[in-house]
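Peer 1: For reference, the sequence and a predicted model appear below.
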Amino acid sequence: MHEQPDYQEVLSSEERSRRNSAPELIRSANRLEVSNASVLYNELSLADMAHIIMLMEAEIVPKRSGQKLLGAFLEAHAIPISEFPLDPSLGDFYNCREHYIKELVPDVAGWQRVARARREATNIAFQIAVRRRLLALLRGLGELASALVIQAKKHVDTVMPDYTYLHQAQPTTFAHYLLGFVYPMLRDASRLRACFEHVNLSPGGIGSVNGSRLPINRTRLAKLLGFDGVVHHTRDAMWQADIPIEVTASTVALLVNLSRLAEDLQIWTTQEYNLVDLADCYCRDSVIMPQKKNPYSLNYIRGLANVTIGNLVGMANVGRTPTGQPDNRIFAYGEVPSLLDKTLEAAQLMAGVVSTIKVNISVMADKLKLGYSQATDLAEAIMLATGLPYQTAHTVVQKVLNVAIKNDISANQISAEMIDNASKTVLGRTLNLSPEAIKKALDPSDIISTRTGIGGAAEKPMQEMLKQCQERITEIQAWQDETENRLMNAEANLVNQVKKTVKSIKKTQNVKTSN
């Protein structure tokens with residue numbers, strides 16, 4: 001005969017947690033999960049309310065029991081998270097909340113669990129928390145992009161060297177340089193909106209993994225919580241491992257863009273470049289070297305981008321498990337909302353830096369005189385005037401620059417004679433360019449005025465881009481405002497519906513008492 005297994009006494013999850021949880025488990029995993037309450041608790045409260053309202057409407061939960069339970073939810077909802085009793089020995093913060101509700105209404109608290117796993121409730125809370133932060137980040141990103149556009153409008157005529165490999169490349173304007181960060185930000189905004197569309201689908205009402213035999217109204221539950229629809233497949237709704245990865249990846253792309261700007265500006269604030277100067281309020285003094293003003297705000301943004309790249313790897317590993325194993329999501333529940341908060345703060349910080357930055361216009365112009373960023377245009381002018389292949393013209397200009405650098409001759413001092421001498425070496429003959437043609441080819445303002453194609457630095461394409469960027473920013477902000485208001489109204493309507501439902505039972509009780 002087979003020996004019968006020794007079954008444990010059937011206990012509630014709360015009792016099992018208190019009886020069986022090792023101190024080490026409480027100090028580690030349980031404490032981590034409880035800490036997530038700081039970003040998910042109010043959202044979990046909304047998920048609970050909507051769940052019971054839907055069950056009552058479907059006549060799954062008795063009306064009086066549902067009303068009483070909703071009253072307890074309202075009482076818990078009003079408690080600030082800093083005052084809510086969180087006990088890691090109970091497990092996660094879902095259990096802590098359930099325990100509190102049981103103490104308030106022990107006779108009806110069991111209805112909380114109808115057709116809903118713990119992870120479903122937490123997933124709903126997570127997605128509400130993330131969608132709210134995605135909208136906030138979109139607003140912050142729009143404000144930063146606007147600050148860059150405003151600054152660019154002031155510097156359409158501010159000439160400066162553009163740099164590649166930190167060496168002068170070609171003449172440009174500070175405005176054109178700045179818009180080189182706005183366009184990636186517009187792409188960042190598109191990515192955040194795509195994330196929002198995926199996040200704002202409800203994973204609620206799935207039972208566990210394959211649905212429920214009960215008449216769960218998933219669409220109604222989604223509407224109560226302000227979701228745009230439902231995650232269609234019930235098993236997919238429970239896991240959605242790609243959501244934390246997608247949100248984190250979009251955040252990484254945004255922060256890398258900010259980091260590139262921050263790194264440029266940090267270099268440009270040095271004495272060696274001196275192209276810009278940060279407002280004192282965005283810097284820190286060195287505690288030992290009196291002459292130093294450290295651009296600390298820029299360093300912070302760079303550091304955050306570096307750390308977030310590591311977060312992306314972490315979120316990929318959180319999702320890289322067997323499909324029926326969601327508990328490692330505890331590392332995403334707190335981390336992803338926190339990352340969105342930090343990214344918003346970084347965008348706001350950079351907006352402040354950009355808005356208050358001092359641009360050293362004369363230094364930028366002087367840098368062009370010291371370098372040879374006009375060399376490409378001189379080679380092109382030779383090509384166009386003589387019909388020489390560009391590579392040949394390029395070689396001639398290289399010879400000219402070798403002499404200029406050796407004899408400390410600036411770009412605007414390059415003469416027809418120098419070009420002819422170089423041409424004799426390369427071609428065995430002179431080119432006989434006019435001094436006027438050479439001067440025009442070496443004038444930074446004239447060079448910039450020739451960049452009239454789409455996206456160029458000349459006046460016309462710059463004005464077109466400024467207008468285009470502002471229109472796109474305005475559209476993003478309008479969508480953000482409308483969506484944020486719609487979600488706020490949905491959440492407020494849910495709480496008001498719960499209050500009305502609870503109020504109706506109190507009226508009934510008062511009538512019975514008076515009779």
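Peer 2: Looks like it came in fine.
Peer 1: How are the strands of this structure distributed by residue range?
Peer 2: 159-164, 167-173, 201-202, 229-230, 276-277, 284-285, 293-294, 358-359 (DSSP state E).
Peer 1: Check these for me and report the most buried one.
Peer 2: Burial of the strands of the chain is given as mean neighbour count (mean count of other Cβ atoms under 10 Å); strand 201-202 ranks first at a mean of 23. (Each C-beta comes from the backbone N, C-alpha and C, glycine too.)
Peer 1: outside of it, which residues touch it?
Peer 2: Ile124, Gln127, Arg218, Leu221, Ala222, Leu225, Phe227, Asp228, Gly229, Val230, Val231, Ala237 (Cβ atoms under 8 Å, 6 or more residues apart in numbering).
Peer 1: among those, who's most crowded?
Peer 2: Highest neighbour count within these, by other Cβ atoms under 10 Å: Ile124, with 28 neighbours.
Peer 1: okay, that residue: pLDDT?
Peer 2: Predicted confidence (pLDDT) for Ile124: 97.
Peer 1: where does the residue nearest to it when sequence neighbours are not counted sit relative to Gln497, distance-wise?
Peer 2: Leaving aside its chain neighbours, Ile124 sits nearest to Ala47 (4.1 Å; criterion: Cβ to Cβ, 6 or more residues apart in numbering). In this view, Ala47 and Gln497 are 14 Å apart by Cβ to Cβ, to the nearest Å.
Peer 1: When these two are compared, which one has more neighbours?
Peer 2: Ranked by neighbour count (other Cβ under 10 Å), Ala47 and Gln497 place Ala47 first, with 28 against 15.
Peer 1: so who does that one touch?
Peer 2: So Ala47 contacts Ala121, Ile124, Ala125, Ile128, Gly204, Leu225 (Cβ under 8 Å, 6+ apart).
Peer 1: could you redo those residues as TSV and give each row distance to Ala145?
Peer 2: Shown next, in TSV, are those (distance: Cβ to Cβ, whole Å):
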residue	distance to Ala145
Ala121	37
Ile124	32
Ala125	31
Ile128	26
Gly204	34
Leu225	30
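Peer 1: And the residues you listed, which is closest to Asn36?
Peer 2: Of all these, Asn36 sits closest to Ala125, with 9.0 Å by Cβ to Cβ.
Peer 1: for the closest one, what are its contacts?
Peer 2: Leu40, Tyr41, Glu43, Leu44, Leu46, Ala47.
Peer 1: can you map out the helices along the stretch 251-400 of the chain?
Peer 2: Per DSSP state H, counting those that start in this stretch, the stretch 251-400 of the chain carries helices over the ranges 296-319, 330-333, 335-356, 361-370, 375-386, 390-406.
Peer 1: mind listing what's buried in the longest one?
Peer 2: Neighbour-count burial for helix 296-319 flags 297-298, 300-302, 304-305, 308-309, 311-312, 314-315, 318-319 (criterion: 16 or more other Cβ atoms under 10 Å).
Peer 1: what angle do it and helix 335-356 make?
Peer 2: Per axes from the mean of the first three to the mean of the last three Cα atoms, to 10 degrees, the angle that helix 296-319 makes with helix 335-356 is 160 degrees.
Peer 1: Not counting helix 296-319 itself, show me its contacts.
Peer 2: By Cβ under 8 Å, 6+ apart, helix 296-319 touches 241-242, 244-245, 248-249, 251-252, 255-256, 258-259, 262-263, 265-266, 269, 278, 282-284, 328-329, 331-332, 335-336, 339, 342-343, 346, 349-350, 352-353.
Peer 1: so how far is it off the chain centroid?
Peer 2: Counting by Cα atoms, centre = their mean, to the nearest Å, helix 296-319 is centred 11 Å from the centre of its parent chain.
Peer 1: Let's see that helix as CSV, backbone CA atoms only.
Peer 2: C-alpha atoms of helix 296-319 as CSV (Å, rounded to 0.1, in the frame of the first residue of the first chain):
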residue,chain,number,x,y,z
TYR,A,296,26.7,69.0,-10.7
SER,A,297,23.3,68.9,-12.2
LEU,A,298,24.7,67.7,-15.5
ASN,A,299,26.8,65.1,-13.8
TYR,A,300,23.6,63.8,-12.0
ILE,A,301,21.8,63.4,-15.3
ARG,A,302,24.7,61.5,-16.8
GLY,A,303,24.9,59.2,-13.8
LEU,A,304,21.2,58.5,-13.9
ALA,A,305,21.4,57.5,-17.5
ASN,A,306,24.2,55.1,-16.7
VAL,A,307,22.3,53.5,-13.8
THR,A,308,19.1,53.2,-15.9
ILE,A,309,20.9,51.2,-18.6
GLY,A,310,21.6,48.7,-15.8
ASN,A,311,17.9,48.8,-14.8
LEU,A,312,17.0,47.8,-18.4
VAL,A,313,19.1,44.7,-18.1
GLY,A,314,17.4,44.0,-14.8
MET,A,315,13.9,44.3,-16.2
ALA,A,316,14.8,42.0,-19.1
ASN,A,317,15.9,39.4,-16.6
VAL,A,318,12.8,39.9,-14.5
GLY,A,319,10.8,38.8,-17.5
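Peer 1: what stretches of the protein score poorly on pLDDT?
Peer 2: 1-19, 506-515 (pLDDT under 70).
Peer 1: what's the domain layout of it?
Peer 2: 13-114, 119-367, 372-444 (automatic domain parsing).
Peer 1: okay, these in TSV with distance to Ala490 next?
Peer 2: Shown next, in TSV, are the domains of the chain (distance: least, Cβ to Cβ, whole Å):
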stretch	distance to Ala490
domain 13-114	9
domain 119-367	3
domain 372-444	55
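Peer 1: Could I get the phi/psi values of Met289?
Peer 2: Dihedral pair for Met289: phi -110, psi 110, per degrees, to the nearest 10.
Peer 1: So what's the residue count around it?
Peer 2: Neighbour tally, Met289, other Cβ under 10 Å: 9.
Peer 1: center of this structure - which residue?
Peer 2: Thr251 (3.8 Å; Cα atoms, centre = their mean).
Peer 1: Pro244: neighbour count?
Peer 2: Neighbour tally, Pro244, other Cβ under 10 Å: 25.
Peer 1: Is it in contact with Leu339, as I believe?
Peer 2: No - the criterion here is Cβ atoms under 8 Å, and Pro244 misses it with Leu339 at 9.6 Å.
Peer 1: Helices of the stretch 1-150 of the chain, start to end?
Peer 2: Going by DSSP H, counting those that start in this stretch, the stretch 1-150 of the chain shows helices at 13-20, 23-25, 31-35, 37-57, 63-77, 93-104, 118-154.
Peer 1: Tabulate those (CSV), appending distance to Phe196.
Peer 2: Shown next, in CSV, are those (distance: least, Cβ to Cβ, whole Å):
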stretch, distance to Phe196
helix 13-20, 34
helix 23-25, 36
helix 31-35, 26
helix 37-57, 15
helix 63-77, 25
helix 93-104, 25
helix 118-154, 5
